[in-house]
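Novice: for reference, the sequence and a predicted model appear below.
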Amino acid sequence: YLRKLDYNTEVAVTTDGRVNEVINGVPDWTYEEEFSTNCSMTWAPDNLTLCYLKYNESNVPLYSFPLYQGTCDPMNQYALYPGAYTYKYPVAGEPNSIVTLHSYDVETRKTKNIELSDSRIEYIPRISYALTPERLVVTTLNRAQNRLEMYLINPKSTVSKSLYVDEVADGWVDESAWEITRYYPDFFVVSSERSGYNHLYQYSYSGAMMRQITSGDYDVTAYYGYDNVQGAHYFQSTINGAINRTVSRLDAKGKLTTIGEAEGSSSAIFSPDMAFYTMSYSNITTPPVYTLNSSKGGMLRVLEDNSDYLSRYPALPQREFFTMNSDGNTLNGMILKPVDFTPSRKYPVIMSQYSGPGSQEVLNRWRMDWDYYFVSQGYIVISVDGRGTGGRGKAFKDVVYRNLGHYETIDQVNAARYAANLPYVDGSRIGIYGWSYGGYEALMAASASDNPYKAAVAVAPVTDWRYYDTVYAERFMLTPRENEDGYNESAPINRVGDMNCRLLLMHGTADDNVHLMNTLQYVSALQSEGKICDMFLFPNMNHSIYGCNSRSVVYLKMLDFFNNNLK
């Protein structure tokens with residue numbers, strides 16, 4: 001609907017929206033979750049044209065899960081009989097929403113359909129005006145997400161032309177390709193991994209590459225923008241190593257300058273004219289320090305240094321970085337020891353990991369999480385980023401393509417063996433845990449042959465990628481029909497016969513992301529193998545299991561489980 005405030009009139013822009021059939025202007029479930037967007041419409045700079053996406057999800061299969069009364073925000077209507085939540089969720093290989101592009105003229109109140117004739121287009125993760133009413137840029141992907149094409153469209157005439165193409169031979173187009181893009185009057189900036197690392201490129205609106213902005217053996221992890229007065233680009237990268245995030249300035253002559261600290265984790269938010277910015281900086285010993293800065297004159301003032309916060313914890317255990325070898329690859333690791341650590345003692349170890357493609361746990365940043373609580377209870381906590389994780393170039397990340405869980409598992413098992421050989425570790429008392437993809441990998445690692453784990457905890461784990469949504473699963477695995485062997489080999493549910501340690505599964509019953517079915521099917525497979533596990537469910541909780549003290553219960557239960565099996 002369009003309301004004109006001057007006249008207090010309201011006009012229906014669309015009239016065909018229907019629950020679980022047609023959505024206008026806002027994304028469907030998979031787009032919001034996997035393309036990180038909550039808006040599918042954009043106004044022309046002159047405010048006379050509204051362009052929007054329409055999602056026809058009529059052919060997407062319905063998914064339902066039960067709802068209970070519960071005690072956290074109780075739903076009393078289900079006190080005696082459970083209810084149900086039903087929505088459209090396409091699992092790997094199933095139909096997606098059919099997405100179409102439209103423009104609405106405010107003055108004529110007419111809607112035009114903008115056709116994109118390429119049959120390879122499956123997704124439209126972004127639409128955005130490039131500063132003028134005649135330049136709408138539409139970013140598209142094929143279903144395999146290894147070909148990105150941007151179109152330049154005049155919404156008035158609906159004439160379109162191909163503007164930019166990025167194709168990947170053996171892997172996927174990284175999400176930064178549509179998240180980093182910025183538009184300027186005479187050019188736009190995109191990112192690509194074509195060189196083997198994620199870098200910035202400048203293109204004209206004729207589709208010609210003007211220059212490669214950044215280069216080198218490091219990944220650009222954020223692009224902040226271009227200062228057209230100074231002719232400088234600002235970005236964040238791993239130029240000082242994968243565990244660091246450094247903010248840099250590249251001036252018009254190509255001179256690269258570090259803004260702030262070289263090591264640690266820095267990020268910035270710039271004013272629209274790039275004249276001022278706030279900087280956030282932290283490292284493993286320093287909580288976030290926020291400063292206000294001038295692009296010309298450096299720091300203007302400290303906004304918050306969190307010294308009061310830090311003073312509450314005068315005796316915190318300190319994280320330490322290390323590297324280790326796994327299968328010929330050097331991996332980054334991090335260890336957290338008790339404050340009263342004694343080298344002559346033998347400690348139990350909890351391996352904490354996430355392991356998902358492009359993710360990173362081992363970072364030089366401030367992070368006070370539940371691992372500090374585990375350490376206070378006499379454990380050593382170790383994290384290792386295996387192959388497939390981010391910050392180390394495309395080859396290191398894309399090795400997991402079509403084969404999720406394989407290399408990650410080799411590396412996590414080798415990390416546990418590395419821990420077992422440390423002089424202060426009791427190699428017979430090692431556990432592993434993870435949440436979501438980390439829960440998936442905890443199951444994969446704990447069912448690997450000759451793994452050293454005595455106990456494993458998986459929270460909200462995927463147990464077969466056939467159960468997960470199209471966009472995420474197929475980005476790395478293609479469809480089950482295209483990669484049947486990959487799906488079979490990557491499924492923990494097919495490895496229950498090799499599970500040889502104590503296991504705790506936890507899951508929210510209203511998890512709309514990784515459905516409870518993953519855990520229940522896994523438990524069913526265990527039962528068929530004559531095996532047992534512990535399980536703790538959170539009624540009506542979603543994937544985050546948050547609210548009404550539930551997050552504390554997750555880690556209290558986890559600690560109780562490790563205490564019973566590792567001590």
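Specialist: Nice, thanks for sending it over. Numbering: from 1, shown residues only.
Novice: just the pLDDT for Arg392.
Specialist: You'll see Arg392 listed with a pLDDT of 98.
Novice: OK, contacts around it?
Specialist: Residues near Arg392 by C-beta atoms under 8 Å, 6 or more residues apart in numbering: Asp219, Thr238, Ala242. Every C-beta, even on glycine, is put in place using the N, C-alpha and C of the backbone.
Novice: show me the longest strand that occurs in the protein.
Specialist: Longest strand in the chain, counting residues (DSSP state E): strand 425-435.
Novice: list the helices and strands that strand packs on?
Specialist: strand 347-352, helix 406-420, helix 437-446, strand 455-459, helix 550-566 (3 or more C-beta pairs under 8 Å, 6 or more residues apart in numbering; DSSP states H and E).
Novice: got a markdown table for the contacts of Arg392, with pLDDT, secondary structure and distance to Pro272 too?
Specialist: Converted to a markdown table, these look like this (pLDDT from 0 to 100; DSSP: H, G, I helix; E, B strand; the rest coil; distance: C-beta to C-beta, whole Å):
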| residue | pLDDT | secondary structure | distance to Pro272 |
| --- | --- | --- | --- |
| Asp219 | 98 | coil | 26 |
| Thr238 | 98 | coil | 27 |
| Ala242 | 98 | coil | 31 |
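Novice: so which of those is the most crowded?
Specialist: When neighbours are counted by other C-beta atoms under 10 Å, Asp219 leads the contacts of Arg392 with 27 neighbours.
Novice: pull the contacting residues for that residue.
Specialist: Contacts of Asp219 (C-beta under 8 Å, 6+ apart): Tyr197, Asn198, Ser237, Thr238, Gly390, Gly391, Arg392, Gly393.
Novice: try 6 Å
Specialist: Tyr197, Asn198, Thr238, Gly391 (C-beta atoms under 6 Å, 6 or more residues apart in numbering).
Novice: before we move on, the earlier item: let me see the mean pLDDT of the longest strand of the chain.
Specialist: Strand 425-435 comes out at a mean pLDDT of 98.
Novice: ok, now stretch 149-160?
Specialist: The model assigns stretch 149-160 a mean pLDDT of 96.
Novice: now swap in stretch 540-550 and tell me
Specialist: 97.
Novice: now it, how far from the chain's geometric center?
Specialist: Mean-position distance between stretch 540-550 and its chain equals 20 Å (C-alpha atoms, centre = their mean, to the nearest Å).
Novice: what residues does that stretch touch?
Specialist: Counting by C-beta under 6 Å, 6+ apart, Tyr68, Gly70, Cys72, Ala460, Gly508, Ala510, Asp511, Asn513, Val514, Phe538, Val554 sit against stretch 540-550.
Novice: okay, it in CSV with CA atoms only?
Specialist: Only the C-alpha atoms of stretch 540-550 are listed here, as CSV (Å, rounded to 0.1, in the frame of the first residue of the first chain):
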residue,chain,number,x,y,z
ASN,A,540,8.4,-23.9,21.6
MET,A,541,12.0,-22.6,21.3
ASN,A,542,13.4,-21.7,18.0
HIS,A,543,16.9,-22.2,16.6
SER,A,544,18.5,-19.8,19.0
ILE,A,545,16.9,-21.3,22.1
TYR,A,546,16.8,-17.9,23.8
GLY,A,547,14.5,-16.4,26.4
CYS,A,548,13.1,-17.4,29.8
ASN,A,549,16.6,-18.5,31.0
SER,A,550,16.7,-21.2,28.3
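Novice: what residues sit buried inside that stretch?
Specialist: Residues of stretch 540-550 classed as buried by neighbour count (16 or more other C-beta atoms under 10 Å): Asn540, Met541, Asn542, His543, Ile545, Ser550.
Novice: got a PyMOL select line for the buried ones in the contacts of stretch 540-550?
Specialist: Remark: buried members of the contacts of stretch 540-550, expressed as a PyMOL selection using 16+ other C-beta under 10 Å:
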select buried, resi 68+70+460+508+510+511+513+514+538+554
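Novice: show me the contacts of stretch 540-550 that map onto strands.
Specialist: Using DSSP E, these in strands are Gly508, Phe538.
Novice: redo the contacts of stretch 540-550 as a markdown table? Include distance to Thr291.
Specialist: Below are the contacts of stretch 540-550 laid out as a markdown table (distance: C-beta to C-beta, whole Å):
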| residue | distance to Thr291 |
| --- | --- |
| Tyr68 | 48 |
| Gly70 | 44 |
| Cys72 | 39 |
| Ala460 | 37 |
| Gly508 | 39 |
| Ala510 | 41 |
| Asp511 | 39 |
| Asn513 | 36 |
| Val514 | 39 |
| Phe538 | 40 |
| Val554 | 35 |
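Novice: pick the one among the contacts of stretch 540-550 closest to Asp6.
Specialist: Asn513 (42.9 Å; C-beta to C-beta).
Novice: ok, Val362 - how many residues close by?
Specialist: Neighbours of Val362 using other C-beta under 10 Å come to 22.
Novice: hang on, the earlier thing: can I get the contacts of Arg392 in JSON lines with distance to Thr519?
Specialist: Formatted as JSON lines, the contacts of Arg392 follow (distance: C-beta to C-beta, whole Å):
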{"residue": "Asp219", "distance to Thr519": "34"}
{"residue": "Thr238", "distance to Thr519": "35"}
{"residue": "Ala242", "distance to Thr519": "33"}
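Novice: sorry, back to before: and the helices and strands packed on strand 425-435: which comes nearest Thr323?
Specialist: helix 406-420 (10.1 Å).
Novice: just the residues contacting the closest one, thanks.
Specialist: With C-beta under 6 Å, 6+ apart as the criterion, helix 406-420 contacts 324, 326-327, 349, 351, 355, 382, 384, 386-388, 399-400, 425, 427, 430, 441, 444-445, 448, 451-452.
Novice: swap in 7 Å and give it another go.
Specialist: 324, 326-327, 331, 333, 349, 351, 353, 355, 382, 384, 386-388, 399-400, 425, 427, 430, 432, 441, 444-445, 448, 451-453, 489 (C-beta atoms under 7 Å, 6 or more residues apart in numbering).
Novice: quick one, which of those are buried?
Specialist: Buried among the contacts of helix 406-420 (16+ other C-beta under 10 Å): 324, 326, 331, 333, 349, 351, 353, 355, 382, 384, 386-388, 399-400, 425, 427, 430, 432, 441, 444-445, 448, 451-453.
Novice: what's downstream of the lowest-mean-pLDDT helix or strand in the chain, the next helix or strand?
Specialist: Within the chain, no helix or strand scores below strand 2-4, which has a mean of 92 by mean pLDDT, DSSP states H and E. Downstream of strand 2-4, the first helix or strand assigned by DSSP states H and E is strand 9-11.
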